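Chemist: Structural data only, the sequence is not supplied:
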């Protein structure tokens, strides 16, 4: 019967297609998936991946060699280990070997640094602003498209160069999408830029990689990479205003949204709600999650979020609305969920 280890090795060999991925796959568990630097979905991430593989294998070989020499020095007979203290061993092993190794690794690392994060002239421009504790995402207007503002979700066309301009409004954050490249700091008052190309369609996950407060670990966002036609259709739909509620129950929810002052913090294009303090909710129902990746997006989780935000994610700037009756809460959550 095939052992568990043998099945694991066979699956990893088939998935990765290279011995570097197999080595790390056997020794660690999170080597692939929606949030893994070891499962590159773009050329920049692949260069960083291979740099990691080479450094890891080289470091492991040096560690094994040094450990073997240490054990030999401890347990071998004095006459047999005398050469370890000789001039030739010190010159070649202690000087020549590290100098030659580092002299080769330095230009390789500099080449990787030069090649990754290189902006392209035809790149799609996107702006992401870090907030405590969520992400404001803006697609600036162009000659063909109006501006789009969304939150906690990044939609990208596969195969098209992307340049993301990042900043923050409150404290230092750090944007990291492991499958596409390295980390980049988001600093208030300063704009940094990250460039890459998503070469594989699918769903990925971005996170904040710089401690930014109590809910730092709960600050994530979805990255959805789709084909060009799908991206164009999504962008056209996002440019439209909010839909008119089709039922009296949802109309009641819209009235509660208005009377409850939600529009002072949130924008919903199509009604008198133009707040900029919180996420734009014009099409919030089309997003996969709420709370910056914390909960699946449905009426139940929306109702729980509205009623007791501070219990779900303590420290966020949205107050809890536990004073709403059950019927009002369902109507309000139903209206927000209908904004697709």
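Modeler: Received, thanks. This structure is a prediction, so every number in the text was calculated from the model and none was measured.
Chemist: Quick check: residue 176 touching residue 204?
Modeler: No - in this structure residue 176 lies outside contact range of residue 204 using Cβ atoms under 8 Å: 11.1 Å. Where you see a C-beta, it was placed from the backbone N, CA and C, and this is true even at glycine.
Chemist: So for these two, which sits in the more crowded spot?
Modeler: Neighbour comparison, residue 176 and residue 204: the larger count goes to residue 204, with 23 against 19 (by other Cβ atoms under 10 Å).
Chemist: Okay, helices next: where are they in the stretch 151-300 of the chain?
Modeler: Per DSSP state H, counting those that start in this stretch, the stretch 151-300 of the chain carries helices over the ranges 228-239, 248-259, 299-307.
Chemist: Let me see the mean pLDDT of the shortest one.
Modeler: When pLDDT is averaged over helix 299-307, the result is 95.
Chemist: how close does the closest residue in space to residue 208 that isn't next to it in sequence get to residue 132?
Modeler: Distances taken as Cβ to Cβ, 6 or more residues apart in numbering put residue 219 closest to residue 208, at 4.2 Å, once the chain neighbours are dropped. In this view, residue 219 and residue 132 are 8 Å apart by Cβ to Cβ, to the nearest Å.
Chemist: Compare these two (neighbour count), which wins?
Modeler: Using other Cβ under 10 Å as the criterion, residue 219 and residue 132 rank with residue 219 on top: 27 against 19.
Chemist: Show me where this protein dips below the pLDDT cut-off.
Modeler: Of all residues in the chain, those with pLDDT under 70 make up the ranges 1-32.
Chemist: Mind telling me which residue is nearest the centre of the protein?
Modeler: For the chain, residue 206 is the residue whose C-alpha lies nearest the centre (Cα atoms, centre = their mean; 1.2 Å).
Chemist: what residues are up against it?
Modeler: Contact analysis of residue 206 by Cβ atoms under 8 Å, 6 or more residues apart in numbering lists 135, 154, 175, 176, 177, 220, 221, 222, 223.
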